[in-house]
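Novice: no FASTA, just this:
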């Protein structure tokens, strides 16, 4: 005896068949009444109540633009990366092989050029089959109907909706809507326009939409060059794009291809000889993968990532992250960027010369970023890792050059590259660079009063970890003596730095740091300069991008610009989006910048980076930086046209010394060969700037006024 459940199911099935039968009758009546007659006669039937509901459906659809990939390009137009949800490159019908057109018509719609948008007999036949054999559904859609269906799907996806009109998921109402829209389309568009649109929108497996993308992917050729067997292969995929994908299921694909060739022979699209040759031909695939996003970028993947982060944070491209992603992946944008490909190639070459990413036994990290001081444009951005989220010591999607908010590692302790901030405040406070200071002291007692106006009482006490006060040492002995300020800075003498700080307000140094845009790359907070170790770059993690920008203010006579990666964003119709224009403001006084330039120029002549000159005396300046135990090393330097931060250190092993590690095929760390900022980071900066700096402004820095220079007493040196 049958169960109640089975009885209910049987009753439901019977009821469903009745409803389907009635729906079939309605559709059949509509077809007979409206679609088998010329459009003019069909208009006269509008008063017929039997098709009133059908007539109430919309006659037209908002076709809108198809989803198109977006491209990120360098300043010279070189493609960096593409972003897409659907890999598509629309082309005109005349740019599609006639073989392709014949193949798709033969297998999908032989009567395409004869019918008015639908095939009445096919609809009745398919719907009757679907009633009697619901497990073996038929579609009977013409190419026009398929085009309508694909446009509806594309609209829904672009709007962030779930597609409800796909294949067998279509209900009777969806089918009726599709029929009417197809009829309307046939009245608005020519047959060739419909065929062109269809071949540009239909899926050909994976993420390949349209014949151009498919031809490029499977054989690396344009759609205009598709031969008979290639065309038949693609046409055969339309019924089930993934099942008949020749890359995934070659046997099934070949069988389906041969069926298409049979239909082409039956419709006289090809001769018997052409048929036989095509059937005997191999699939002969030549896959040209077109991956989406920065992981597919062969050059500048981390710059690409920076651009993507900036794009996704801008409301110019959508009110929500989902809208922005849809704009990026489907909007057909060209994103013009500031990247200089010559500078980028040099940067990538140098970071990998320092420590090759594919042969890095001690996992040493390198990075380099450069900006144009006059406008803030990013010229290059590189590091010695593969842009990948996969497991592997040399794989990471973290950008060593930028803050965490921009997809970065968040920075590293900057060491003595932070010293020019104190120098800048020294000059800003009315003091001179040739002034003599007492740099003998390497210990300040716990009760020493450091001026700090932003703290309660206006004083900072530094007891130290042991309560005995603040103590430090110089990198080399013998410099604990009286000296000029500029000498102490360009030789990177710690005792000179703190002798200067002892005459300044620590909070004013902090204000100078903020004016230069310096902040912790992980927290976004300003550097707390009331912590004395911060004056040696030891209390905050600062990104190379931040340091390059800060030094750009020195190069640009005190004017600092917002960092810029995108110069123009436009879609395929020519519509442009609002992107930030160049924005530059005075950060520090001109004479302050001039005094810093005067001092840091000597770093490359007779200071801590004397071996790293780029042959531009008076037109280049730099500062080395080395943290305790050589864990992070830096060289940040500039010309008037280019500011570059170079870093070599430890990304994940921040407390590990670089001394004794294998770096670039050599090992440092003996008593006479220890790693500092001028060793690897300095060489990396030097080689890059030698290659690239002369492509930008290398004019002489302007001389500081005598007020900044003061009196020189060389005997103190």
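Specialist: Great, that's in hand. Everything numeric here is computed off the predicted structure, so don't read it as measured data.

Novice: what helices and strands are in contact with whichever strand or helix holds residue 328?
Specialist: Assigning secondary structure by DSSP states H and E places residue 328 in helix 321-330. Contacts of helix 321-330 with other secondary structure elements, assessed using 3 or more CB pairs under 8 Å, 6 or more residues apart in numbering; DSSP states H and E, are made with strand 70-73, helix 143-158, helix 301-312. (Glycine included, C-beta is placed from N, CA and C.)

Novice: same thing but at 7 Å, please
Specialist: The helices and strands touching helix 321-330, judged by 3 or more CB pairs under 7 Å, 6 or more residues apart in numbering; DSSP states H and E, are helix 301-312.

Novice: for the helix it packs on, the averaged confidence score.
Specialist: Helix 301-312 shows a mean pLDDT of 97.

Novice: so how far is that helix from its chain's centroid?
Specialist: Its chain's C-alpha centre lies 3 Å from the corresponding centre of helix 301-312 when counted by CA atoms, centre = their mean, to the nearest Å.

Novice: could you quantify the relative orientation of that helix and helix 321-330 as an angle?
Specialist: For helix 301-312 against helix 321-330, the angle by axes from the mean of the first three to the mean of the last three CA atoms, to 10 degrees is 130 degrees.

Novice: and residue 633, how far is that from residue 680?
Specialist: Distance of residue 633 to residue 680, given as CB to CB, to the nearest Å: 6 Å.

Novice: mind listing the shared neighbours of these two?
Specialist: Common neighbours of residue 633 and residue 680, counting by CB atoms under 7 Å, 6 or more residues apart in numbering, are residue 648.

Novice: my guess is residue 264 contacts residue 101. True?
Specialist: No: with contact taken as CB atoms under 7 Å, residue 264 and residue 101 are classed as non-touching, separated by 10.9 Å.

Novice: which element follows the helix holding residue 328 toward the C-terminus?
Specialist: Scanning the chain past helix 321-330 towards its C-terminal end, the next helix or strand to appear is strand 333-337 (assignment: DSSP H and E).

Novice: what's near enough to touch residue 624?
Specialist: Neighbours of residue 624 in contact, by CB under 7 Å, 6+ apart: 416, 492, 603, 608-609, 634-635, 676-678, 682.

Novice: and it, what element?
Specialist: Mapping residue 624 onto the secondary structure by DSSP H and E places it in strand 621-626.

Novice: now for whichever helix or strand comes after that strand, which elements pack on it?
Specialist: With elements assigned by DSSP H and E, the helix or strand that comes after strand 621-626 is strand 632-638. The criterion is 3+ CB pairs under 7 Å, 6+ apart, and the helices and strands that strand 632-638 contacts are helix 544-555, strand 621-626, strand 643-649, helix 680-692.

Novice: what lines up beside strand 632-638 in the sheet?
Specialist: Each strand paired with strand 632-638, and its direction, by DSSP bridges: strand 621-626 (antiparallel), strand 643-649 (antiparallel).

Novice: what's the closest of those strands to residue 655?
Specialist: Comparing the strands paired with strand 632-638 by their distance to residue 655 (CB to CB), the top pick is strand 643-649, with 10.9 Å.

Novice: so what touches the closest one?
Specialist: Residues contacting strand 643-649 (CB under 7 Å, 6+ apart): 354, 364-371, 373, 400, 412, 544, 547-548, 551-552, 555, 631-638, 658, 680-681, 684-685, 688-689.

Novice: low pLDDT regions in the stretch 601-717 of the chain?
Specialist: 667-673, 712-717 (pLDDT under 70).

Novice: do that again at 80, thanks
Specialist: Counting by pLDDT under 80, the stretch 601-717 of the chain has low-confidence residues at 653-654, 666-673, 711-717.

Novice: do the chain as well
Specialist: Residues of the chain meeting the criterion pLDDT under 80: 1-66, 119-140, 154-177, 290, 653-654, 666-673, 711-717.

Novice: if we go to 70?
Specialist: Along the chain, the parts satisfying pLDDT under 70 run over 1-65, 121-140, 158-172, 667-673, 712-717.

Novice: got the domain ranges for it?
Specialist: By the record's domain assignment, the chain is partitioned as 4-56+86-280, 433-536 (automatic domain parsing).

Novice: helix/strand/coil for the spatially closest residue to residue 674 that is not a sequence neighbour?
Specialist: Beyond its immediate neighbours in the sequence, the residue positioned closest to residue 674 (CB to CB, 6 or more residues apart in numbering) is residue 659, lying 5.3 Å away. At residue 659, secondary structure determined by DSSP: H, G, I helix; E, B strand; the rest coil is coil.

Novice: just to check, residue 659 is in contact with residue 633?
Specialist: No: using CB under 7 Å, residue 659 is not in contact with residue 633, being 10.5 Å away.

Novice: give me the common contacts of the two.
Specialist: Residues touching both residue 659 and residue 633 (CB under 7 Å, 6+ apart): residue 675.

Novice: hmm, back to that, between residue 264 and residue 101, who's got more neighbours?
Specialist: residue 264 (25 against 21; other CB atoms under 10 Å).

Novice: give me the distance from the helix or strand hosting that one to the chain's centre.
Specialist: Applying DSSP H and E as the criterion places residue 264 in helix 250-266. Shown here is helix 250-266, whose average C-alpha point lies 41 Å from the average C-alpha point of the whole chain (CA atoms, centre = their mean).

Novice: go through stretch 451-460 and flag the buried ones.
Specialist: Within stretch 451-460, the residues that count as buried by 16 or more other CB atoms under 10 Å are 451-452, 460.

Novice: same question, stretch 223-231
Specialist: By neighbour count with 16+ other CB under 10 Å, stretch 223-231 contains the buried residues 223-224, 226-231.

Novice: what's the span of it from first residue to last?
Specialist: In stretch 223-231, first residue to last residue: 9 Å (CA to CA, to the nearest Å).

Novice: same question, stretch 565-579
Specialist: With CA to CA as the measure, the first residue of stretch 565-579 is 10 Å from its last.

Novice: outside of it, which residues touch it?
Specialist: Taking contacts as CB under 7 Å, 6+ apart, the residues outside stretch 565-579 that touch it are 68, 306-307, 310, 316-317, 331-338, 378.

Novice: wait, residue 381 sits on residue 369?
Specialist: Yes: in this structure, residue 381 sits in contact with residue 369. The criterion is CB under 7 Å, and the distance is 4.8 Å.

Novice: what is in contact with those two at once?
Specialist: Taking CB under 7 Å, 6+ apart as the contact rule, the neighbours common to residue 381 and residue 369 are residue 401.

Novice: quick revisit: I'd like the contacts of residue 624 laid out as CSV, including secondary structure and distance to residue 405.
Specialist: Formatted as CSV, the entries for the contacts of residue 624 read as follows, by DSSP: H, G, I helix; E, B strand; the rest coil; distance: CB to CB, whole Å:
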residue, secondary structure, distance to residue 405
416, helix, 26
492, coil, 31
603, helix, 31
608, coil, 32
609, coil, 31
634, strand, 22
635, strand, 25
676, coil, 30
677, coil, 27
678, coil, 31
682, helix, 29
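
Novice: which one of these is nearest residue 241?
Specialist: Closest approach to residue 241 among these (CB to CB): residue 634, at 52.4 Å.

Novice: and for the spatially closest residue to the closest one that is not a sequence neighbour, the neighbour number?
Specialist: Among residues not flanking residue 634 along the chain, residue 625 sits closest, at 3.6 Å (CB to CB, 6+ apart). When neighbours are counted by other CB under 10 Å, residue 625 registers 30.

Novice: can you pull the contacts of residue 625?
Specialist: Neighbour list for residue 625: 414-417, 537, 633-634, 677 [criterion: CB under 7 Å, 6+ apart].
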